[in-house]
Structures are given as structure tokens and as C-alpha cells.
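Q: please work out how this folds:
(4 chains)
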Number of protein chains: 2
Amino acid sequence: MNEDEAALLFHALSNPDRLNVIRALVIAGPTGLSAGDIARQIGASPSRASFHLAALSEVGLIHSERQSRSVLYNIDFRRVAALMTFLMDDCCNGSPDLKACCP
Amino acid sequence: MNEDEAALLFHALSNPDRLNVIRALVIAGPTGLSAGDIARQIGASPSRASFHLAALSEVGLIHSERQSRSVLYNIDFRRVAALMTFLMDDCCNGSPDLKACCP
DNA sequence: CTTTCATTTCAACGAATCTTGAAATAAAAT
DNA sequence: ATTTTATTTCAAGATTCGTTGAAATGAAAG
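A: A predicted model of the protein is given here:
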């Protein structure tokens, strides 16, 4: 992952609604959640939720699949992990000082 | 750290110039770097560098101290670590699936 | 085939972001 | 005191972001 891509991923995480989407999907587990359920859980209108889901989708943090009338969303942990690895190893050069701060 | 604060930190990291600032400061080590050195290293004008340094400073990812004519900047690893902890534990609920993806 | 349900797309708007270059500030050197 | 060096602040302008509500799309049910 390069800087530009990491910046796009960080941007996707730079919004409280989108962080709440992530949290809801993590708690939901591998079955995922429909767009409507997500909208309800984060307290946003359907169109607002859809806007934020698209932002997360575009950078690959979540994936969607149509399930009859609903659209089911799932988190992609590999993408989250790749970003953490970038921050830890590439951006912060694998610094022992950073590792010392990480519990 | 709450969602809103985390979102602000993620926003601070959502720019390639600012990621380069972080990297430069990590490599520089505890002596830090002057604003001018940072501007040169990331290939930005003084005012552009200052803008991004202010963005990182406002969220506590870096700190500054005047050293005669220069202003020395330093990274605060604790703040980076706190954000990673938020992402890992709060946002992703300490998910084993995420940990399994983290080398 | 029409209706209902679930979701996305769109246009419009205000707000925030980033860049640039010039002016202002701070501190040291002459 | 004036000049030089280092940095920040400011105004202007282009771009992107996020919200809202209405319209469009997709898919199932009646």
C-alpha cells in the first residue's frame, strides 16, 4: 500500500457515521447487515447511510452483495489490517517507540 | 478516545503530505526536525508545510517547540498508538478476525 | 401488471479543505 | 537599528465533502 492509497483509507475512516458503520458490521459478524439495518443502527437516513457505505466500499473496507430485496454489507478485516500495517511499518518505519506504546 | 476524536485523527492522517511528515519525523528520531527541514523533505512550500504541520499539531499527533529561529517538531507515538487501539479495540470490538489479519 | 419495499442516485446547497503567494511575526546577525 | 533567516498567518479561489429530500432503480408480492 502506498501513501496515496493509505490517505484514501484514512479519509474513509475520518467520519463518525462511517466509524459507526464499521462498528456495527464488526458486531454483526460474518452474516453482515443490510443497508437498512445499518441506517437504523447509526441513526441516519437511507440516502445518508448509502453515501457513507459507498465511501467505505470505494476503498474496499466493506463489500456488498444483493440478497433479494436487501443489500448485505460486510467488513473486510484484511483491508483494515493492511492499513494498520502501513501505519506501523511503512509510515512509522516499524519504530520500537511506537510498538512500546501499543498494548 | 471517542468516535469524534478518532475521526479527527483519521482526518489528520488522510493526506499524503501529512503522512510524509509523520514518516520524516519518525526517521529523524527524538531530536525532531525543523519546519524548514520538513518542508524540504516532503517537497512542499513553507506555507503549505506549515498548514499541514498545524493540522497534525491540532490533533496532538506532533508537538512543536521553538529553538531559537527554528521551530522543532516531534512525533507523539502515544497518540498514534491510541488511535490504533481505538481502531482495534473500540471500533473493531477487539475482533479476533482482525487480529488474525495483523502480522 | 401494479404495488410495495429496499436501496441508490441525483441536484442543490452550505461547509470544510487545500493550494498559492503575499504580508506579518519572531529571533538572531550585522 | 537594519537586515537576514525561519516560520506562520492571511485572503482568495478551486475543489471536495456531507446533508437533504425527491426521483429513479431493483426485486419481490399481490
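
Q: for DNA strand C, what is the nearest residue in chain A?
A: Residue of chain A nearest DNA strand C, by CB to the nearest atom of the strand: residue A:36 (2.1 Å). Where you see a C-beta, it was placed from the backbone N, CA and C, and this is true even at glycine.

Q: so what's residue A:73 up against?
A: Contact partners of residue A:73, counting by CB atoms under 8 Å, 6 or more residues apart in numbering or on different chains, are A:21, A:25, A:32, A:33, A:34, A:35, A:38, A:53, A:57, A:62, A:63, A:64.

Q: beyond the helix or strand containing it, next helix or strand please.
A: Using DSSP states H and E, residue A:73 maps to strand A:70-75. Following strand A:70-75 in sequence order, the next helix or strand is helix A:77-85 (DSSP H and E).

Q: briefly note if that following helix comes near chain B.
A: Yes: on the criterion CB under 8 Å from any CB of the partner chain, helix A:77-85 is in touch with chain B at A:77, A:78, A:80, A:81, A:82, A:84, A:85.

Q: what helices and strands are in contact with that helix?
A: helix A:3-12, helix B:96-101 (3 or more CB pairs under 8 Å, 6 or more residues apart in numbering or on different chains; DSSP states H and E).

Q: compute the inter-axis angle for that helix and helix A:3-12.
A: Put simply, helix A:77-85 runs at 110 degrees to helix A:3-12, going by axes from the mean of the first three to the mean of the last three CA atoms, to 10 degrees.

Q: and helix A:77-85, which residues are buried?
A: Neighbour-count burial for helix A:77-85 flags A:77, A:79, A:80, A:81, A:82, A:83, A:84, A:85 (criterion: 16 or more other CB atoms under 10 Å in any protein chain shown).

Q: other residues contacting the lowest-mean-pLDDT helix or strand in chain A?
A: Using mean pLDDT, DSSP states H and E, the weakest-scoring helix or strand in chain A turns out to be helix A:96-101, at a mean of 90. Contacts of helix A:96-101 from elsewhere in the structure, counted by CB under 8 Å, 6+ apart, are A:88, A:92, B:26, B:77, B:78, B:80, B:81, B:82.
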